[in-house]
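Asks: coords below, sequence missing:
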């Protein structure tokens, strides 16, 4: 199993919306990808809590794939590419980690 973890640091204002609104839109878009991209086995999306450290990133994606090949198919899928374009104007920074886990 491959875990794909991505965090985004959002602008305070972007595309005429505030950070909280954009974070909610990003979450909805990411959750919708699960229905559109069959290689995605599971998807979890979190938004940094209001009471959490403001130095934290704003949105996290934790997605699971059966293999790195499936992750590559996801990465090049037209719906994922649409999402990448959508989020590009909303984020300052992006970090990611892809790692293998044992199948229990």
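Replies: Arrived safely, thanks for sending. For clarity, every value in this text was computed on a predicted model and none was experimentally measured. Numbering: from 1, shown residues only.
Asks: Can you classify the one residue sitting closest to the centre of the chain by secondary structure?
Replies: Relative to the mean C-alpha position of the chain, the nearest C-alpha, by CA atoms, centre = their mean, is the one of residue 61, at 3.8 Å. With DSSP: H, G, I helix; E, B strand; the rest coil as the basis, the three-state label of residue 61 is strand.
Asks: doesn't residue 42 make contact with residue 65?
Replies: No: shown here, residue 65 and residue 42 do not form a contact pair, counting by CB atoms under 8 Å, at 9.1 Å. Placement of C-beta: from N, CA and C, glycine included.
Asks: With neighbour numbers in mind, choose between those two.
Replies: residue 65 (22 against 11; other CB atoms under 10 Å).
Asks: which residues sit in contact with the more buried one?
Replies: By CB atoms under 8 Å, 6 or more residues apart in numbering, residue 65 lies in contact with 1-2, 4, 39-41, 71, 74.
Asks: tell me which residues form a beta bridge with it?
Replies: Beta bridges link residue 65 to residue 2, judged by DSSP bridges.
Asks: Next one: it relative to residue 35, how far apart?
Replies: Distance, residue 65 to residue 35, using CB to CB, to the nearest Å: 16 Å.
Asks: got it, and residue 75?
Replies: Residue 75 is 18 Å from residue 35, by CB to CB.
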